[in-house]
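J.: model the structure of this input:
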Amino acid sequence: MEGTLGIEGGGTKTTWILLDSGGEVRRQGLAGPGNVSLLQEDEIRKLLAGIRSEVGGEIHSIGAAFAGCRLPEQRQPIAEMLRALWPSAVRVVVAEDARSAFAGAFGSGEGIIVIAGTGSNVLGYREGRWARAGGWGHILGDPGSAYDLAHIGLQRIYDAFDATGEVVPLGMSFLQTTGQNGLDELFFHILSDPSKDR
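T.: Residues are numbered from 1 along each chain as shown. Prediction:
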């Protein structure tokens, strides 16, 4: 069955959907993290191959958007990977995930979107011009992102513990969620895997 494949990769997961020629959903699924700035080429290839095994090979068009996919030198290799996996595709478009979110909200019209997921950014389009703010990733801040909020929350928990020797209620929530018995254990738990999605 020929169809249109949409892929959107974010900081913690990648979603995909297969539509038939009439726009009806035929299949959809989830895969691992899809921020291409945080993945090696072989990890991107493995991610896409996993989707290929779920979707099958007869695809007419592919629209793929990934967090961190800003540069042409990032988009081109991904487009080549997609063409190799789905050689029947007559159209392959690769973009940053903010562009797919914008298209979902406004199509080709004007507007502004605010993304607040694992990462965060703002993207707007008006009178033929694009403008953006944020979206620089967890190392440079990504204000308002889930990563940023968790990071700030952890800082406050440890600041309060240093000042009072007490575990504040937010700290208790982190301990319950991670299954740790105290802030010392939580500290080592966090350091054992400091990846963005963790």
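J.: now stretch 140-159: buried residues?
T.: Neighbour counts using 16 or more other Cβ atoms under 10 Å place 142, 144, 145, 146, 147, 148, 154, 157, 158 of stretch 140-159 among the buried residues. For the C-beta atoms, the positions are set from N, CA and C on the backbone; glycine is no exception.
J.: helices and strands around the helix or strand hosting the fifth one, which ones?
T.: In this structure, residue 147 sits in helix 146-164 according to DSSP states H and E. Contact here means 3 or more Cβ pairs under 8 Å, 6 or more residues apart in numbering; DSSP states H and E; on that basis helix 146-164 packs against helix 169-178, helix 183-192.
J.: quick one: closest of these to residue 117.
T.: helix 169-178 (18.5 Å; Cβ to Cβ).
J.: take the helices and strands packed on helix 146-164 and write them to TSV, including mean neighbour count and distance to residue 93.
T.: Converted to TSV, the helices and strands packed on helix 146-164 look like this (neighbours: other Cβ atoms under 10 Å; distance: least, Cβ to Cβ, whole Å):
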stretch	mean neighbour count	distance to residue 93
helix 169-178	13	38
helix 183-192	13	38
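J.: quick one: closest of those to residue 47.
T.: Of these, nearest to residue 47 by Cβ to Cβ is helix 183-192, at 23.8 Å.
J.: that closest one to helix 169-178, inter-axis angle?
T.: 60 degrees (axes from the mean of the first three to the mean of the last three Cα atoms, to 10 degrees).
J.: residues in contact with helix 183-192: which ones?
T.: When contacts are defined by Cβ atoms under 8 Å, 6 or more residues apart in numbering, helix 183-192 is touched by residues 154, 157, 158, 161, 167, 171, 174, 175, 178, 180, 198.
J.: please identify which helix or strand holds the nearest residue to residue 7 once chain neighbours are set aside.
T.: Spatially, and ignoring its direct neighbours in sequence, residue 7 is nearest to residue 64 (4.2 Å; Cβ to Cβ, 6 or more residues apart in numbering). Residue 64 belongs to strand 61-66 when elements are defined using DSSP H and E.
J.: give the pairing partners of that strand; include direction for each.
T.: Using DSSP bridges, the strands paired with strand 61-66 are strand 4-9 (parallel), strand 91-96 (parallel).
J.: how much does the next helix or strand after it deviate in direction from strand 4-9?
T.: Next in sequence after strand 61-66, counting helices and strands by DSSP H and E, comes helix 72-85. Put simply, helix 72-85 runs at 140 degrees to strand 4-9, going by the same axes, to 10 degrees.
J.: so which bits of helix 72-85 are buried?
T.: 74, 75, 78, 79, 81, 82, 85.
J.: extract the C-alpha set from that helix and format it as CSV.
T.: The C-alpha coordinates for helix 72-85 follow below in CSV (Å, rounded to 0.1, in the frame of the first residue of the first chain):
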residue,chain,number,x,y,z
PRO,A,72,21.2,21.7,5.8
GLU,A,73,24.1,19.4,6.7
GLN,A,74,21.9,17.6,9.2
ARG,A,75,18.8,17.4,6.9
GLN,A,76,20.6,16.1,3.8
PRO,A,77,22.0,12.8,5.4
ILE,A,78,18.7,12.1,7.0
ALA,A,79,16.9,12.6,3.7
GLU,A,80,19.4,10.2,2.1
MET,A,81,18.7,7.6,4.8
LEU,A,82,15.0,7.9,4.3
ARG,A,83,15.4,7.6,0.5
ALA,A,84,17.5,4.4,1.0
LEU,A,85,14.9,2.9,3.3
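J.: I'm done for today, thanks for sticking with me.
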